[in-house]
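**Student:** test case, fold it:
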Amino acid sequence: MAYNICSSSSSLSHDPHLFFSSFSPPLALQFALFQPTPRLKQSNHSITLKPSLQLTQVSSQIPVSERTHPPNPPNSQSLDEKANSSSKSYIWVNPKSPRASQLRRHSYNARYASLSKIAKSLDSCNPVEEDVFDILASLGDKIVEQDAVIVLNNMSNADTAAIALKHFQQRFELNKETILYNVTLKVFRKCRDLDRAEKLFDEMLERGVKPDNVTFSTIISCARLCSLPKKAIEWFEKMPSFGCKPDDVTYSVMIDAYGRAGNVDMSLSLYDRARTEKWRIDAATFSTLIRIYGTSGNFDGCLNLYEEMKALGVKPNLVVYNSLLDAMGRAKRTWQAKSIYREMMNNGFEPSWATYAALLRAYARARYGEDALNVYREMKEKGMELNVGLYNTILAMCADVGFTDEGVEIFEDMKNSENSQPDSWTFSSLITIYSCSGKVSEAEATLNGMLEAGFEPNIFVLTSLIQCYGKANRTDDVVRTFDRLLALGITPDERFCGCLLNVMTQTPKEDLDKLTICIDKANSKLGYVVNLLLDEESIEEGIFKKEARELFDAIGSDVRKAYCNCLIDLCVNLNLLEKACELLDLGLTLEIYTDIQSKSPIQWSLHLKSLSLGAALTALHVWMNDLYRVLESGEELPSLLGINTGHGKHKYSDKGLAGVFESHLKELNAPFHEAPDKVGWFLTTKVAAKSWLESRHSHDVVAA
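**Tutor:** Residues are numbered from 1 along each chain as shown. Below you'll find the model as predicted:
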């Protein structure tokens, strides 16, 4: 009678464990305890012992019993054969039976256990022919091809497996040599040795052995484990030339491989097909798809994939969670990153380094300062070392949100680390932190440390230094730093010029000429507008506004508001209210400023949150005049008037627009008072506003 082992050559290719990132033990061989024996009579009952040999996904195609047991005589029909023809494959045998232990000793299960021990011995022996052949000699003369398959299938040492394969090839003529090669390839896959697997494939072809689907799927999964997606694609695309057709599991794996290799179109095309044909897709592949969507900016697609994955019954692993956290960080959807992290923790996953890195980047990008610092501290508590990129990310965030002390502490920690020493970006962030705080000596000391470390200051460092010197009213040092930038061959960009312009708003009038020369060298168009602004001689009406418009049309949209704010601030500082109003009007016309005013039937409001102090004061002046013109025209004001300054403070200052405006409104004797239930709002009634506007106009007329 025959004990057949998985006669389909492609059966292994349907095993998803071939492709998962974490593999379960080698293919499980499950054997029944007993061999077939004649019927045993006990009392008045008879028990028919039926053969039972069940193997799960074994890459073998050899009928074992044809070599381990002699065939029955021709034309004989024993009870065993009748039992074998039964549809049942198991039968219970009383373990107390006198024959039970004897049956157990003669079962193939005992033989399998013996072969497994030999495989373990081969794994631990020296990888030389003499030692390997000596161990295999213990198999005796009755060794069969299936024994060789089981030995190799249970091995995990690539060196000794290659020698064992050679021994079996020399020992007897193989009927199914492809299977022997496939189980040896499995050993190479366990060891993540793609190079040896490829060489074994070449040997197969030299010996005239035809590879099958299992051969290719094993090598493809080996390439995947080795993080070599391009190699996986190379082997996948070889399959048709050998007459092999990939199954759905292999196709699903290739979604991951193409995605990792950067062939996004092919990956997404296969995924569309997978959804239509209902292929089985593992968590690792979903992780790659989420990463593809995240990189392309399709953040809703990331979340949809996650929900689809759960609907299909695929449990997310840590890699999936990390990919989602990274995508939500890119999208600046920090609240969703927090939610995903909570779900991950509730599902029993321990955060990895990649988890913390994704969280830290997400919080830093969104300027969630306290959350980012908490992640940083937790990493340090767990002994996790940050790399240079993460250190720079959190330091840049500290510079953006004004965490001076925390930034200095992190910088010192970085200097003391073994593997992550500060680079030019690190020094740049620390100099920015000191510069925004007005700490000149600390900024200069950091610059010197940067030079000692072998890094030349870049445009970002020099921009920060100019800002620092400007805060300290050290105009000569600003000029010296500007000259240094030119000497280094660095071309001033628009942000650098904006910084110079901002410094002018903080500079005493007698020193403005020094900075005007610098601005003229950096950007002649901006220099011309500044000179027109500072020119005390009368110029033709409309010239200043025309030149300012040409300037705004020529610069990038990301700096237009900063330039306009600074120019208006400069006008206010120099008491050039008319030019300030021209610039504000131009800003509104070009939509540099939007949504400054809002009107409803019961309230008119002025919104100043996005404006600099000078621009906000100018907008208030224009709004007051507009309100008076409304009264003059006979139109009624609404019952409530409001000014919204926002409630935030400058990150490097205790002053906010609300505080400054409160003082200014008192100076004007304006009837606006801070709303107790709406922070940053100043409100007044129609009656109070009307009385104040009329009295203010009368006072102006008398003064004139």
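
**Student:** how much space between the residue nearest to Phe482 when sequence neighbours are not counted and Ala554?
**Tutor:** In space, and not counting its chain neighbours, Phe482 is closest to Cys518: 4.6 Å by Cβ to Cβ, 6 or more residues apart in numbering. For every residue, glycine as well, the C-beta is placed using N, CA and C. Separation of Cys518 from Ala554 (Cβ to Cβ, to the nearest Å): 19 Å.

**Student:** domains in this structure, by residue range?
**Tutor:** 311-384, 385-446, 457-589, 597-703 (automatic domain parsing).

**Student:** any weak-confidence spans in the stretch 601-704 of the chain?
**Tutor:** Where the stretch 601-704 of the chain drops to pLDDT under 70, the residues are 647-655, 698-704.

**Student:** low pLDDT regions in this structure?
**Tutor:** Residue ranges of the chain with pLDDT under 70: 1-109, 538, 647-655, 698-704.

**Student:** just to revisit the earlier point, tell me which of Cys518 and Ala554 has more neighbours.
**Tutor:** The residue with more neighbours, out of Cys518 and Ala554, is Cys518; 24 against 11, by other Cβ atoms under 10 Å.

**Student:** returning to that earlier point: now do the contacts for the residue nearest to Phe482.
**Tutor:** Residues in contact with Cys518 (Cβ atoms under 8 Å, 6 or more residues apart in numbering) are 478-479, 482, 500.

**Student:** now the residues you listed in JSON lines, with neighbour count, secondary structure and distance to Val622?
**Tutor:** Putting the contacts of Cys518 into JSON lines (neighbours: other Cβ atoms under 10 Å; DSSP: H, G, I helix; E, B strand; the rest coil; distance: Cβ to Cβ, whole Å) gives the following:
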{"residue": "Val478", "neighbour count": "26", "secondary structure": "helix", "distance to Val622": "32"}
{"residue": "Val479", "neighbour count": "17", "secondary structure": "helix", "distance to Val622": "35"}
{"residue": "Phe482", "neighbour count": "25", "secondary structure": "helix", "distance to Val622": "35"}
{"residue": "Leu500", "neighbour count": "26", "secondary structure": "helix", "distance to Val622": "28"}
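
**Student:** can you pick out the most distant pair from these?
**Tutor:** Greatest spacing in these, by Cβ to Cβ: Val479 and Leu500 (10.1 Å).

**Student:** need the overlap of contacts for these two.
**Tutor:** Common neighbours of Val479 and Leu500 (criterion: Cβ under 8 Å, 6+ apart): 515, 518.

**Student:** which residues in this protein form strands?
**Tutor:** 29-31, 40-42, 45-47, 53-55, 597-599, 603-607, 640-644, 673-674, 681-685 (DSSP state E).

**Student:** the longest helix belonging to the chain packs against which elements?
**Tutor:** Longest helix in the chain, counting residues (DSSP state H): helix 613-632. Judged by 3 or more Cβ pairs under 8 Å, 6 or more residues apart in numbering; DSSP states H and E, helix 613-632 is in contact with helix 557-573, helix 577-589, strand 603-607, helix 657-667, helix 686-703.

**Student:** nearest to Thr295, out of these?
**Tutor:** Thr295 lies closest, by Cβ to Cβ, to one member of those: helix 557-573, at 23.1 Å.

**Student:** residues contacting that closest one, please?
**Tutor:** 494-495, 498, 501-502, 504-505, 509, 526, 529-530, 533, 548, 551-552, 555, 577, 579-580, 583-584, 586-587, 590, 592-593, 610-615, 617-618.

**Student:** same question for stretch 391-408.
**Tutor:** 360-361, 363-364, 367, 369, 372-373, 376, 386, 410-411, 414, 420, 422-423, 425-426, 429-430, 432-434, 436-437, 439, 651-652.

**Student:** what's the answer for stretch 232-244, then?
**Tutor:** With contacts defined as Cβ under 8 Å, 6+ apart, stretch 232-244 is touched by 210-213, 215-216, 219-220, 223-224, 245-246, 250, 253-254, 257-258, 261, 263.

**Student:** so which of these are in helices?
**Tutor:** Using DSSP H, the members of those that fall in helices are 213, 215-216, 219-220, 223-224, 250, 253-254, 257-258, 261.

**Student:** for stretch 498-513, measure first residue to last.
**Tutor:** Terminal residues of stretch 498-513 lie 17 Å apart, using Cα to Cα, to the nearest Å.

**Student:** what comes up buried for that stretch?
**Tutor:** 498-505, 507, 511-512 (16 or more other Cβ atoms under 10 Å).

**Student:** picking up where we left off before, quick one, which of the helices and strands packed on helix 613-632 is nearest to Leu325?
**Tutor:** helix 557-573 (28.2 Å).

**Student:** name the nearest residue to Ser121, sequence neighbours excluded.
**Tutor:** Among residues not flanking Ser121 along the chain, Ile135 sits closest, at 5.1 Å (Cβ to Cβ, 6+ apart).

**Student:** related to what we said a few turns ago, could you dump the domains of the chain into a markdown table and include distance to Glu206?
**Tutor:** As requested, the domains of the chain are exported to a markdown table (distance: least, Cβ to Cβ, whole Å):
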| stretch | distance to Glu206 |
| --- | --- |
| domain 311-384 | 39 |
| domain 385-446 | 46 |
| domain 457-589 | 58 |
| domain 597-703 | 70 |
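
**Student:** ok, back up a step: and the longest helix of the chain, what's buried?
**Tutor:** Neighbour counts over helix 613-632 (16+ other Cβ under 10 Å) mark 613-624, 627-628 as buried.

**Student:** between helix 657-667 and it, find me the angle.
**Tutor:** Orientation check (axes from the mean of the first three to the mean of the last three Cα atoms, to 10 degrees): helix 613-632 against helix 657-667 gives 50 degrees.

**Student:** what two of the buried residues of helix 613-632 are the furthest from one another?
**Tutor:** Every pair in these was compared (Cβ to Cβ); the two farthest apart turn out to be Leu613 and Tyr628, at 23.2 Å.

**Student:** need the contact partners of the longest helix of the chain.
**Tutor:** So helix 613-632 is contacted by 505, 564-565, 568-573, 577, 580-581, 583-584, 587, 593, 596-597, 604, 606, 608, 611, 637, 641, 643, 645, 657, 660-661, 664, 689-690, 693-694, 696-697 (Cβ under 8 Å, 6+ apart).

**Student:** check the offset of it from the chain's centre.
**Tutor:** 48 Å (Cα atoms, centre = their mean, to the nearest Å).

**Student:** repeat for stretch 508-522
**Tutor:** Counting by Cα atoms, centre = their mean, stretch 508-522 is centred 45 Å from the centre of its parent chain.

**Student:** ok, stretch 619-635 next?
**Tutor:** When C-alpha coordinates are averaged (Cα atoms, centre = their mean), stretch 619-635 and its chain have centres 53 Å apart.

**Student:** pretty sure the residue nearest to Ser121 is touching Lys120, no?
**Tutor:** No: in this structure, Ile135 is not within contact of Lys120 by Cβ atoms under 8 Å, at 10.0 Å.

**Student:** between those two, who's got more neighbours?
**Tutor:** A count of neighbours by other Cβ under 10 Å puts Ile135 above the other of Ile135 and Lys120, at 18 against 13.

**Student:** name all residues that make contact with that one.
**Tutor:** 118, 121-122, 125.

**Student:** dump those residues to TSV, plus neighbour count and distance to Ile539.
**Tutor:** TSV is the format used below for the contacts of Ile135 (neighbours: other Cβ atoms under 10 Å; distance: Cβ to Cβ, whole Å):
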residue	neighbour count	distance to Ile539
Ile118	19	100
Ser121	18	98
Leu122	25	95
Cys125	17	95
